[in-house]
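1. pasting a predicted model and its sequence here:
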Amino acid sequence: MTVIGRLAASRIAWLGVAGVALALTGCSNDNDAVALPSSSHTTPSLPSPSSDEEAVKETYTSFISTLDRADSLPDESRRQQLSALMVDPQLSRVLQRVEELRSKNLTSYGKVIVHITSVDVAGNDATLHDCQDSSRAGIMNRTTRKKIKRGVEKGRTKAYLIKGADEKWRISKYVVLGEGC
């Protein structure tokens, strides 16, 4: 190693030692130590949607999940729970469908899986397209549990949403467009 190389290596070594010493001593003047934050077990709050598009997707996904079990919601709070995700005319349609199923001793089963293909937001209105998989969901007899109708693997749907005065998105209309995506 040349003289210049040894000098550079010696300076680098010295800087390393000085850096470690500074890191170990910190920037303290030997006054009282500062306590570290405790490791409490608080549940972090969910981050708010980063955009209207994300909020629309979240609302739609919750809407579909709620539709899967709308007829099992308690009678006294059904309208209130559903109105958190939808407005008329969709709200009235869902409530009417629940009553229709009950009158025929039918209920829903399974879970629909969403595959959102596009979202278009224009001010306080949004349109969402989905290619959902409802092949493991459908309608069955409430008493016998016999499956009457089953969904399809690829079903095209379209949802119209509006943003309310409370800044929350809700489904105003939900349309099944047909099989195949």
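-> Sure, I can see it.

2. just say helix, strand or coil for the closest residue in space to Leu95 that isn't next to it in sequence.
-> Nearest non-adjacent residue to Leu95, counting by CB to CB, 6 or more residues apart in numbering: Arg79, 6.4 Å away. C-beta coordinates here come from the backbone N, C-alpha and C atoms, glycine included. Recorded secondary structure, Arg79: helix (DSSP: H, G, I helix; E, B strand; the rest coil).

3. kindly report the same for Thr117.
-> strand.

4. so it touches Lys154, yeah?
-> No - counting by CB atoms under 8 Å, Thr117 stays clear of Lys154, with 10.8 Å between them.

5. between these two, which contacts overlap?
-> Residues touching both Thr117 and Lys154 by CB atoms under 8 Å, 6 or more residues apart in numbering: 131, 181.

6. residues near the residue nearest to Leu95, how many?
-> Neighbours of Arg79 under the rule other CB atoms under 10 Å: 13.

7. repeat that for Leu73.
-> By other CB under 10 Å, neighbour count at Leu73 equals 15.

8. got the phi and psi for it?
-> phi -70, psi 150 (degrees, to the nearest 10).

9. roughly how far does Trp160 sit from Leu73?
-> No Trp there; residue 160 is Tyr. 23 Å (CB to CB, to the nearest Å).

10. ditto for Arg97
-> For Arg97 relative to Leu73 (CB to CB), the value is 13 Å.
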